[in-house]
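> Give me a model of this one.
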Amino acid sequence: MDFTIEGEYIELLALLKATGIAETGGRAKQLVEEGVVRLNGAVEMRKRAKLRVGDCVEIGDVKIVMQ
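Numbers count the residues shown, from 1 in each chain. Next comes the predicted model:
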């Protein structure tokens, strides 16, 4: 899926909540801590990683491309 960023960037936790992957901020943090979130092909452990246009986040079968 594509996700349009409003502004310069969106933080990883905010993206997980905005896309409905995580229902709460706590669940979003848990997903990151479990190591199931990948950013541009590498496991991402920074909860507040700044995602910019062109970045790709993967969680299981879900792929989100920043637009």
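> residues in contact with whichever strand or helix holds residue 17?
In this assignment (DSSP states H and E), residue 17 forms part of helix 12-18. By CB atoms under 8 Å, 6 or more residues apart in numbering, the residues outside helix 12-18 that reach it are 3, 10, 22-25, 27-29, 31-32, 37, 39, 44, 46-49, 51, 57, 59, 64. C-beta: built from backbone N, CA, C; applies to glycine.
> if you look at these, which of them are in strands?
Among the contacts of helix 12-18, DSSP state E puts 3, 10, 37, 39, 51, 57, 59, 64 in strands.
> Between which two of those residues is the distance greatest?
Distances among the ones in strands among the contacts of helix 12-18 were taken as CB to CB; the most separated pair is 10 and 59, at 15.1 Å.
> of the two, who's got more company?
Neighbours per residue, other CB atoms under 10 Å: of residue 10 and residue 59, the larger number sits with residue 10, 19 against 16.
> Give me the neighbour count for the nearest residue to that one once chain neighbours are set aside.
Leaving aside its sequence neighbours, residue 10 sits nearest to residue 51 (CB to CB, 6 or more residues apart in numbering; 5.3 Å). Applying other CB under 10 Å, we find 21 residues neighbouring residue 51.
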